[in-house]
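Peer 1: The following block contains a protein sequence and its predicted model.
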Amino acid sequence: MTHYPGNNSFRPEFSDAEILHKVSEITSPQLQVDARKTQDDRLWLAIPQIVWKVNARGWATYLGRSWEEYTGVPAAAALGFGYLACVYPEDRPRLLARSHTSASPPQSYEIEFRLRTREGTYRWNLARGAPANPDSQEILEWVGTYIDMDAIEQTQAGAQAEPEFWRQEARLKANFRAKNLCEVRTVMDAGKDLQAIERFTNILSQRAGNLCQLLQAIADATVEAIAGAEFCLVAIPECDCRALKLSAVGGAENFAAGKTPHVQDKLLLTAFATGESQLLQSESGGSVPAAACAAPIESGESGRLGVLAIGNEQDSTAIDGETVQLLGVMGKQAAIAINSVRAIEKSKKQEQLLELQNELLIRQQEELENQGRCIQQQKLQLLEAAKLKSQFLGTMSHELRTPMNAIIGFSQVLLRQHKELLTAQQTDSVGRILDNGKNLLVLINDILDLAKIESGRTELEIEQFDLAHLVIDVALEFGNQATDKNVAMSVSVCLQNQFIVNDKLRLRQVLVNLVSNAVKFTHQGSICIEVRELNRDRLIIILQDTGIGICETELPHIFDKFRQADQSTTRKYPGTGLGLAITACLVEMMNATITVESQLEKGSIFRLEIPRNVN
């Protein structure tokens with residue numbers, strides 16, 4: 001059954017304002033556009049009278065072009081119950097009552113009513129209506145025309161003065177009525193085709209599933225919609241697009257067991273190759289049906305998708321030119337349905353792909369989270385191991401430093417004894433013990449300092465002191481060593497205010513590490529220490545030497561722990577490699593910065609920037 005949009009009930013009494021208000025809410029230009037641009041539409045446009053279609057409730061579903069020419073109201077605004085605004089108020093209930101009939105089967109009717117013209121005057125019109133589905137016992141739609149009777153009466157009045165002219169007009173009127181009856185019948189036939197297309201479209205919309213199910217639904221719906229069709233075949237191209245593959249058969253139940261419907265392959269291939277519908281009629285009997293036609297399944301968007309073919313085994317007149325046109329329209333509707341199902345299937349595949357991708361992403365995310373937890377756990381374990389290592393180093397350094405201090409102390413006591421108590425060889429041996437003990441104590445102190453820093457037990461002891469005196473004291477401490485190596489050492493201090501607030505002990509340790517390294521790695525040339533102000537709040541200490549320098553590849557790692565340029569066991573310069581690492585840690589604690597520039601065999605420049613007041 002055809003369905004229509006809009007209200008489910010209608011009051012026969014409406015004012016013009018009420019009707020226009022309802023029309024503005026429920027009508028749309030799209031309804032007029034959807035009036036199916038088929039050959040039947042062109043036929044209705046050729047009829048000079050107003051052609052209309054209404055459903056059993058009087059709801060207008062189509063108004064021909066003559067409507068707007070006669071009333072001045074656009075057809076789009078008059079669809080639904082909008083046309084009643086142009087009907088004389090007293091005539092509206094009577095006109096609507098003709099659509100509500102209980103006669104079975106329903107009969108054609110004629111009724112006169114007044115219709116407003118575009119000039120604003122009402123003129124008498126004859127409404128002639130006939131069932132659009134005469135074979136049905138229930139009214140689905142009415143189709144008919146509006147004829148201006150006032151114009152005909154004016155013609156008759158003018159003819160009274162001219163009898164011969166009147167008789168001619170009478171004959172013309174009779175011919176006109178006969179012609180109009182033929183036109184109504186033509187419109188009725190077109191209504192049947194429209195109903196067939198509507199049934200076809202409704203069946204497809206209800207049964208559409210995947211592509212295979214849709215093709216079978218197209219075949220079944222075609223047999224159901226076209227009266228003369230005993231069977232229907234749907235063929236779509238193979239993957240290589242060079243041959244057609246029979247994909248669905250409708251109406252197979254009309255044939256005996258073991259017998260299948262068949263049409264000539266040439267008929268299908270010609271329709272598919274040319275894009276034009278083909279008709280074949282022959283005598284009944286044989287392997288070929290008495291009548292068959294094929295129409296392409298195509299659309300403007302996706303092109304030619306396949307072929308739709310119908311046939312009748314016995315009756316060669318069951319399929320004619322009008323059936324071919326109707327099948328062509330169904331082919332276009334089938335193309336729309338196929339495109340829609342393919343789009344849905346493509347969308348479903350994309351959704352499935354997205355779901356798989358989402359599942360993969362979720363798994364990857366879970367793996368990353370597990371890896372993150374493992375890394376976090378390993379980090380905690382490493383931190384715990386580092387803490388235990390620092391505690392171990394601190395404990396062991398303390399345990400090692402205690403006996404080492406005793407060794408150094410006893411060595412110094414022995415050397416202070418009267419020379420006659422020790423031979424020259426013994427004195428030299430005790431001196432070596434003292435020197436090695438001091439060197440070993442320096443190494444132990446470095447390890448102990450690093451362990452304290454890593455364990456967070458090192459804190460700055462802030463005090464005010466003279467920076468110039470501190471720098472000069474450190475330089476004097478290593479002056480003898482530089483003199484022994486024939487290396488010149490100079491100190492330049494240019495400060496307006498020599499006092500700063502910082503940790504004197506830790507800053508001294510930093511300077512000792514830098515100066516001792518300069519003395520250790522410089523064999524000729526000079527060592528220069530410069531102290532000056534950068535600005536009001538920051539100072540800079542520059543230590544420049546002409547020593548062996550540092551390789552460019554080692555510069556990024558110069559402040560790493562336990563790292564030396566020469567890592568071999570036979571290296572020329574001993575040490576733990578902790579001096580600069582401890583220096584970097586202490587510099588960071590003092591809110592200072594340290595940078596280095598160096599070239600092999602040319603020397604190094606260390607720049608230490610410190611705040612005047614550490615807060």
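Peer 2: Okay, I see it. Residues are numbered from 1 along each chain as shown.

Peer 1: now the helix or strand hosting residue 468: mean pLDDT?
Peer 2: According to DSSP states H and E, residue 468 maps onto helix 467-477. In this model, helix 467-477 carries a mean pLDDT of 93.

Peer 1: Okay, and the residue most central in space within the chain sits in which element?
Peer 2: Centroid-nearest residue in the chain: residue 354, 10.8 Å away (criterion: Cα atoms, centre = their mean). Using DSSP H and E, residue 354 sits within helix 321-416.

Peer 1: Then residue 266?
Peer 2: Element membership of residue 266, judged by DSSP H and E, is helix 265-274.

Peer 1: residues making contact with that helix?
Peer 2: 233, 235, 237, 244, 277-278, 280, 292-296, 304, 306-307, 309 (Cβ atoms under 8 Å, 6 or more residues apart in numbering). Yep, even glycine has a C-beta here, placed from its N, CA and C like the rest.

Peer 1: Now with 6 Å, please.
Peer 2: 235, 244, 278, 280, 294, 296, 307, 309 (Cβ atoms under 6 Å, 6 or more residues apart in numbering).

Peer 1: Make sure I have this right: the first one is in a strand.
Peer 2: Looking back up the chat, that one is residue 235. Yes. Residue 235 sits within a strand when classified using DSSP: H, G, I helix; E, B strand; the rest coil.

Peer 1: Let me see the contact set for it.
Peer 2: Residue 235 makes contact with 244, 246, 268, 306-307 under the criterion Cβ under 6 Å, 6+ apart.

Peer 1: before we move on, what about the second one?
Peer 2: Neighbour list for residue 244: 235, 237, 268 [criterion: Cβ under 6 Å, 6+ apart].

Peer 1: List just the nearest of these to residue 347.
Peer 2: residue 237 (22.7 Å; Cβ to Cβ).

Peer 1: Now do the helices in the stretch 101-250 of the chain.
Peer 2: 149-159, 163-207, 211-225 (DSSP state H, counting those that start in this stretch).

Peer 1: Between those helices, which has the poorest mean confidence score?
Peer 2: helix 163-207 (a mean of 55).

Peer 1: For beta bridges, what are the partners of the residue nearest to residue 305 when sequence neighbours are not counted?
Peer 2: The shortest distance from residue 305 to any non-neighbouring residue, by Cβ to Cβ, 6 or more residues apart in numbering, is to residue 297 (4.7 Å). Beta-bridge partners for residue 297, by DSSP bridges, are residue 306.

Peer 1: re earlier: show me the contact partners of the helix holding residue 468.
Peer 2: With Cβ under 6 Å, 6+ apart as the criterion, helix 467-477 contacts 491, 493, 498, 500, 511-512, 515, 529, 531.

Peer 1: switch the cut-off to 10 Å
Peer 2: The contact list for helix 467-477, computed with Cβ atoms under 10 Å, 6 or more residues apart in numbering, reads 466, 482, 489-495, 497-500, 502, 504, 507-516, 519, 527, 529-531, 539, 541, 543, 610, 612.

Peer 1: List just the nearest of the contacts of helix 265-274 to residue 423.
Peer 2: Of the contacts of helix 265-274, the one sitting nearest to residue 423 (Cβ to Cβ) turns out to be residue 244, at 119.8 Å.

Peer 1: Please name the nearest non-neighbouring residue to that closest one.
Peer 2: Nearest non-adjacent residue to residue 244, counting by Cβ to Cβ, 6+ apart: residue 235, 4.2 Å away.

Peer 1: do residue 505 as well
Peer 2: residue 461 (6.7 Å).

Peer 1: circling back to that earlier point, out of the contacts of helix 265-274, which two sit at the greatest distance?
Peer 2: Spatial extent of the contacts of helix 265-274 (Cβ to Cβ) is set by the pair 244 and 280 at 16.4 Å.

Peer 1: re the thing from before, what's the closest of the contacts of residue 235 to residue 57?
Peer 2: residue 306 (39.2 Å).

Peer 1: hmm, back to that, for the helix holding residue 354, the averaged confidence score.
Peer 2: 85.

Peer 1: can you state the direction angle for that helix and helix 265-274?
Peer 2: Helix 321-416 runs at 60 degrees relative to helix 265-274, counting by axes from the mean of the first three to the mean of the last three Cα atoms, to 10 degrees.

Peer 1: I'd like the distance from helix 321-416 to the chain centre, please.
Peer 2: 23 Å (Cα atoms, centre = their mean, to the nearest Å).

Peer 1: Which strand or helix spans residue 540?
Peer 2: Element membership for residue 540, per DSSP H and E: strand 538-545.

Peer 1: Show me which positions of the following helix or strand past that strand end up buried.
Peer 2: Heading C-terminal from strand 538-545, the first helix or strand you meet, by DSSP H and E, is helix 579-589. Residues 579-587 are the ones in helix 579-589 that count as buried (16 or more other Cβ atoms under 10 Å).

Peer 1: Helix 579-589 packs against which elements?
Peer 2: helix 424-454, helix 504-521, strand 593-599, strand 603-611 (3 or more Cβ pairs under 10 Å, 6 or more residues apart in numbering; DSSP states H and E).

Peer 1: Just after the second one, pick out the following helix or strand.
Peer 2: Same thing as helix 504-521. strand 526-533.

Peer 1: Give me the neighbour count for residue 452.
Peer 2: 18 (other Cβ atoms under 10 Å).

Peer 1: Sorry, slip of the keys, the one I care about is residue 108.
Peer 2: 14.

Peer 1: Please tell me how far it sits from residue 294.
Peer 2: As judged by Cβ to Cβ, to the nearest Å, residue 108 and residue 294 stand 37 Å apart.

Peer 1: what's the answer for residue 585, then?
Peer 2: For residue 585 relative to residue 294 (Cβ to Cβ), the value is 90 Å.

Peer 1: ditto for residue 154
Peer 2: Taken as Cβ to Cβ, the span from residue 154 to residue 294 is 53 Å.

Peer 1: Going by how many neighbours each has, rank the two and give me the top one.
Peer 2: Comparing residue 154 with residue 294 by other Cβ under 10 Å, the one with more neighbours is residue 294, at 29 against 11.

Peer 1: What are the neighbouring residues in contact with that one?
Peer 2: Applying Cβ under 10 Å, 6+ apart, the residues near residue 294 are 233, 235, 263-264, 266-272, 276-280, 307-311, 324, 327-328, 331.

Peer 1: Equivalent analysis for residue 315, please.
Peer 2: Residue 315 sits next to 228, 230, 281, 284, 289-291 when contact means Cβ under 10 Å, 6+ apart.

Peer 1: and stretch 321-333, C-alpha only, in CSV?
Peer 2: Only the C-alpha atoms of stretch 321-333 are listed here, as CSV (Å, rounded to 0.1, in the frame of the first residue of the first chain):
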residue,chain,number,x,y,z
GLY,A,321,6.8,-0.8,-25.4
GLU,A,322,5.2,0.6,-22.3
THR,A,323,6.5,-2.4,-20.3
VAL,A,324,10.0,-1.7,-21.7
GLN,A,325,9.8,1.9,-20.5
LEU,A,326,8.6,0.7,-17.1
LEU,A,327,11.4,-1.8,-16.8
GLY,A,328,13.9,1.0,-17.7
VAL,A,329,12.6,3.1,-14.8
MET,A,330,12.9,0.0,-12.5
GLY,A,331,16.5,-0.5,-13.7
LYS,A,332,17.3,3.0,-12.5
GLN,A,333,15.6,2.4,-9.1
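
Peer 1: So what's the predicted local confidence for the closest residue to residue 463 other than its chain neighbours?
Peer 2: Take residue 463 and drop its neighbours on the chain: the residue closest to it by Cβ to Cβ, 6+ apart is residue 504, 5.9 Å away. Note on residue 504: pLDDT of 92.
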